[in-house]
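Asks: Below are the sequence and a predicted model for it; my questions follow.
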Amino acid sequence: MKRLLKSKMAVSGGIVVVLVLIASLLAPWVAPYSVKDFTRDLLAPPSVTHLFGTDSFGRDALSLVLHSGLETLGISLLTLVISGLIGIVCGIVSGYVGGWTDKTLSMAMQGIMSFPSMMVALLVMGIFGTIGRASLIGAISVTLIPRFSMIMRGATIPARDAEYVTAAQAVGLSRWRILWRHIVPNLVTPMVVVCSTYLPSIILLEASLSFLGFGAPPDAPTWGRIVSEGGKYFRIAPWLVMFPGTVIAVTVIGFNLLGEGIRDAVDPRIRGKLTAKSIR
Amino acid sequence: MALLKYTFSRTVRGVVSVFVIVTIAFFAIRLVPGDPVDVWLGDYATPELIAQTTQAWGLDKPLVVQYFVFLRQLAKGDLGTSLRANASVTYLIGEVFPYTVRLMIAGAVLSVFFGVLVGAFAAVRHNSFGDVASMTACMIFLSIPGFVLGYLLIYLFAVTWRIFPVIGGEKALSAAALWRHLTLPALSLGLGYAGTIARMTRSTMVEVLNSDYIRTARSKGLRQSTIVFKHAMRNTLTSLVSMIGVQIIVMLGGLVVTETVFSRPGLGRLYFTAVSARDYPLMQGSILVIAVCVVVVTFLVDISYGIIDPRIQYT
C-alpha cells in the first residue's frame, strides 16, 4: 500500500477513478439538469448553461453523461466480478486438479482466446439476444473468463508443487484444506493484479458494444450508447461525441494508471508481462 | 524441406481448428431459444407464413440433418443463402473481403511501424522527457475507444481541414483515391494497437539494451544507430513477434467498430449486421472466414520467427 501511494502514476490514476466514481454516484445531486429536462435548445453547442452542449432532444449532455455513469461503471464492475469469479475458480480447479480436467478446460479456454474478443462477444450476443444487460454482461464475461482462468492456472501450478504443500499432504490434510489454507492465500496477489489489468479492457469492450447499439436498453444508456447517438449528428454537433468520448477515455486512462501502479507495487517482476495483454 | 513439412502439418491443424470452430458455432447458434423466423416476420407472423418461411429456410429439418446439409454445401464452397439479403453468403463476403484485407494490412503495417519506432525511441532515451512523453501518448491512444478515435480523426482531417474524404469504401477509384480513403480508417484502427506495441517494444528493448553483447558492441565503438537497429532490434523483434501476432488478431475485432464509424463495407460490418438480424447463414459464413483469418495470421507469425531468428527450427 505504501509503495502504491508513492507511485505518482497510481495516485493520479486513483484520483481520476475516485472522481469519476463520486460524480457517477452523486449524479442525481451534482448534475445540473435531469435527463427528463427536454428543452427547446436542440443540439446547442457547449455554453455556460450547458457545458457539454445539448443533444437532439434538447437535453443537457453533461447531465446525461453523469446520470449514465453509474450504469456504465456498474455493468463493467459487475462483469469484472462475475467473469473474475468464474475464471478464477476455473483456473484454480484447472491448475490444482490437473489431468484431463486441466487439459479439457485449457483447450476450451485457449480456443476462445484465440478469437478476437469483439467477435466472440458479438457471437454470444447474436445467440442470446442483442438487447439487455444480462446478455451484455454474459458476452463480455465469455471473452474474459479464459484470460482470468489461464493466469490463475499459471499461478496455481507452482503453488501446488511447492514443498510446503507436499508437506501438508504428508501430514494428511484434506484436499480442500490444502487448497483453502495453503494455495489460495498465494493467489491473492495475482488475483488483484489480474482484475486491475482487465477492468479497462472491460470498460472499452462494453463501450464498443453499446456503441454498436447492443446491450443496455436505450432508456438506460451507457456512455458508448451516448456517443453512438451523438454520432448521428456528428457533422453539426461534434461535441456530442467528443465530450462523452473524452469521459470514457479519461476513465480508462485512470483505471489503466491505477492498475499499472498496483501491478508495480505488488510485484515488479510481472511488469511488462501483463501490460501486453490489453484486449479490445 | 523442413519448412514445407511444417507448412503442411500446420495447414492440417488449421483446417481442423476451423472445422471445430464452425461446428461449435453451428450448434451454438441453433440450440438457443428464439426463432429467426419470428424475428424476421415480426408483427406480420401468421402460422401459415411462419411454417412456409421455416420450410423455405430449411429450419424444419432435424438439427443433425441441417448440419450435414451445411457440410455438404461447405464442401462445394457454398456457404448458403443469406436470410435477409437473399443473396449467396459467398457472394456477400467475397464482395466486401478485399476492403477488409486492405484495411487490415494498412492498419497492421501502421501499428507495427509506429509501435516499433516509438518503442525503440523510448527505450533508447530511457527515463528521459521523450520517453515519458511518448509513453504518455501511447497510454492515451490505447485508452481511447476505437470509435471515439475514428470520430476525432474524421473531425480533424475530414471536416475541419478537408484533407481526407469522410466515409465510404473505395470502389472503382484510382490508386491515389484508394489511399486517401484508406488513411483515416487505417489510422483509427492501427493507432490504439500501435500504443500497445510501442509499450511492449520499449520494455523488451530496455532489457536487450542492458545485455552484455550490447555493451560489447558499444565498447567496440560502433555507432549508436548500428547498435540499435542491427544488434538490439533483431533480438527485440524475436520476442515481440508473437505479441504482435496477438495484436493483429485482436485488431480483427476492431474492424467492426472502425468499419461502422467510417461506413466502409467490410467483413466486420457484415458480421455485425448478420448478428443484429440473426441471419444464421451469414453469421456462420463470417465466423468461418474470421476463423480462417485467425489461423492464417497465426501461421504467418510462426513462419516469420524463422526469418527473423535463424536459430529457430521448424518442427
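Replies: Looks like it came in fine. Numbers count the residues shown, from 1 in each chain, chains lettered A, B, ... in the order given.
Asks: Is the helix or strand harbouring A:Ala159 positioned near chain B?
Replies: Assigned by DSSP states H and E, A:Ala159 falls within helix A:133-160. No - judged by Cβ under 8 Å from any Cβ of the partner chain, helix A:133-160 stays clear of chain B, getting no closer than 9.2 Å. Any C-beta I mention is one placed from the backbone N, CA and C, and that applies to glycine too.
Asks: Which positions in the stretch 1-150 of chain A make contact with chain B?
Replies: Selection of the stretch 1-150 of chain A residues close to chain B by Cβ under 8 Å from any Cβ yields A:111, A:114-119, A:122-123, A:125-130.
Asks: which two in these are spaced the farthest apart?
Replies: Pairwise distances among those were taken by Cβ to Cβ; the largest, 25.4 Å, belongs to A:Ser114 and A:Gly129.
Asks: where along the chain do the helices fall?
Replies: Because you didn't say which chain, this covers chain A. Assigned by DSSP state H, the helices in chain A fall at A:2-6, A:8-25, A:27-30, A:61-97, A:99-113, A:117-128, A:133-160, A:163-171, A:175-177, A:184-211, A:223-231, A:239-266.
Asks: Sorry, I should have been clearer: chain B.
Replies: Assigned by DSSP H, chain B shows helices spanning B:2-31, B:36-41, B:47-56, B:63-75, B:89-124, B:129-143, B:146-153, B:175-209, B:212-219, B:224-226, B:233-261, B:267-277, B:280-308.
Asks: Go through these and name the closest to B:Arg162.
Replies: Among those, helix B:175-209 comes nearest to B:Arg162, with 11.3 Å by Cβ to Cβ.
Asks: Okay, buried residues for the closest one please.
Replies: Residues B:181-206, B:208-209 are the ones in helix B:175-209 that count as buried (16 or more other Cβ atoms under 10 Å in any protein chain shown).
Asks: looking only at pLDDT, what's the mean for it?
Replies: The average pLDDT for helix B:175-209 rounds to 87.
Asks: Next: stretch A:150-168.
Replies: The average pLDDT for stretch A:150-168 rounds to 88.
Asks: Write out the residues of the stretch 201-315 of chain B neighbouring chain A.
Replies: So the stretch 201-315 of chain B meets chain A at B:203-204, B:243, B:246, B:249-254, B:256-257, B:260-261, B:271-272, B:274-276, B:278, B:283, B:287, B:290-291, B:294, B:298 (Cβ under 8 Å from any Cβ).
Asks: picking that back up, turn the helices of chain A into TSV, including mean neighbour count.
Replies: What follows is the helices of chain A, written out as TSV (neighbours: other Cβ atoms under 10 Å in any protein chain shown):
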stretch	mean neighbour count
helix A:2-6	12
helix A:8-25	16
helix A:27-30	13
helix A:61-97	21
helix A:99-113	14
helix A:117-128	25
helix A:133-160	22
helix A:163-171	12
helix A:175-177	10
helix A:184-211	22
helix A:223-231	25
helix A:239-266	23
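Asks: and those helices as CSV, adding distance to B:Ser219?
Replies: Below are the helices of chain A laid out as CSV (distance: least, Cβ to Cβ, whole Å):
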stretch, distance to B:Ser219
helix A:2-6, 36
helix A:8-25, 35
helix A:27-30, 62
helix A:61-97, 46
helix A:99-113, 44
helix A:117-128, 47
helix A:133-160, 39
helix A:163-171, 44
helix A:175-177, 57
helix A:184-211, 39
helix A:223-231, 54
helix A:239-266, 32
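Asks: mind listing what A:Gly224 touches?
Replies: If a contact means Cβ atoms under 8 Å, 6 or more residues apart in numbering or on different chains, then A:Gly224 has A:Thr72, A:Glu206, A:Ala207, A:Ser208, A:Leu209, A:Ser210, A:Phe211, A:Gly215, A:Ile248, B:Pro145, B:Phe147 as its contacts.
Asks: least confident pick among the residues you listed?
Replies: Minimum pLDDT for the contacts of A:Gly224 is recorded at A:Gly215 (81).
Asks: and that residue, how far is that from A:Val16?
Replies: The spacing between A:Gly215 and A:Val16, counted by Cβ to Cβ, to the nearest Å, is 24 Å.
Asks: Equivalent analysis for B:Ile50, please.
Replies: To A:Val16, B:Ile50 is 53 Å away according to Cβ to Cβ.
Asks: Quick one: low-confidence residue ranges for the chain.
Replies: Here I'm looking at chain A. A:1, A:37, A:43, A:267-280 (pLDDT under 70).
Asks: Oops, wrong one, chain B.
Replies: Regions of chain B meeting the criterion pLDDT under 70 cover residues B:1, B:32-36, B:39-40, B:166-174, B:314-315.
Asks: No more questions from me, cheers.
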